[in-house]
Structures are given as C-alpha cells and as structure tokens.
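1. predicted model and sequence below, questions to follow.
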Amino acid sequence: MNRIVLFSFALIILIPLSNSYGATQTKLGDDIFVFVQSTVRNSDGTLVAYLESTKFTDLNLPGMKTFLDFEASRGNDPIIDVDVEQYQVIRRIQSQSFDSEGLVASTILSDNVDGKNIVLARFAHDGYPVISGDTLESMWTFVRIVS
C-alpha cells in the first residue's frame, strides 16, 4: 500500500516536470511566433507520421531574427492586420528524403552562418522510424510584429 502511495506521489511530481522538457512555448503576440508541422510519407505516399508544435527545446531568437530578415527579403510574405498591430507571416518548407533506416527524434531548423551550421529552433519529440524511400516535409510558419 505504501508503495502505491509513494509511486503516485512521485508520478504527480514528475508529470509537470516531464511535460516541459525545458521547452520554450511561442505564442501569437510574441516578438516571433513559431509553428512547425512535419509529415513523413513512405515511398508510396502514404502518411506515416504527423507532428506539430509551438514548443521548442532550442530557440535562438537573435539568429531567428536575422534569418527571418533574410527570408523576408527573398519573397512576398503577407502582412496582416490584427487589431492595431501588423504581423508578417513567413512560411517555408523543408524537405528531406531518407536513404537508410533510422529514428528521427527532433525536427531542426538551422542556418549556415559564416560556414557554420547554427541551430535556430529544435522541436524535440518522441520520434518516428524511417526507412529508405521515406520523405519528410516540415512546414515552418513564423509570425512576427512589423508595426
């Protein structure tokens, strides 16, 4: 009986700690809101996994601002009005094909700065298995205040 009570108590303490994973939650209205949707499809095009998040274990805001300034200069990203604020919506898609078997446990957005690969955002998740022929498509949506 004491073991069940102690186990339940330990579980109650650990659940709130385990949900955060040290992640930063982005919200609309922050300087930068980040949302990622990832789909994995097999070689037949069948959906294998779908993940989405606004929580990131690594969020490099200074690097992200530089990245978004560059990305905004490349395209025609819409600016929308919400109440009295103006927001720019930047959406980019990353694709990857797999040529071997493995397990993917995070979705990462990185940038090459001065020849070095810099992590801008990392969405850590439980993971999904991939095999040769599978494809990953991650759609990154960024919303930032421009007014």
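-> Arrived safely, thanks for sending. Residues are numbered from 1 along each chain as shown.

2. in what helix or strand does D69 lie?
-> Counting by DSSP states H and E, the element that carries D69 is helix 61-74.

3. give me the helices and strands touching that helix, please.
-> Helix 61-74 sits against strand 32-41, strand 85-97, strand 102-113, strand 116-130, strand 135-145, with contacts defined as 3 or more C-beta pairs under 8 Å, 6 or more residues apart in numbering; DSSP states H and E. Backbone N, C-alpha and C define where each C-beta goes, glycine included.

4. out of these, flag the one nearest T57.
-> Ranking these by proximity to T57 (C-beta to C-beta) places strand 116-130 first, at 4.5 Å.

5. re the thing from before, make JSON lines from the helices and strands packed on helix 61-74 and add mean neighbour count to it.
-> Listed next are those as JSON lines, based on neighbours: other C-beta atoms under 10 Å:
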{"stretch": "strand 32-41", "mean neighbour count": "18"}
{"stretch": "strand 85-97", "mean neighbour count": "14"}
{"stretch": "strand 102-113", "mean neighbour count": "15"}
{"stretch": "strand 116-130", "mean neighbour count": "16"}
{"stretch": "strand 135-145", "mean neighbour count": "18"}
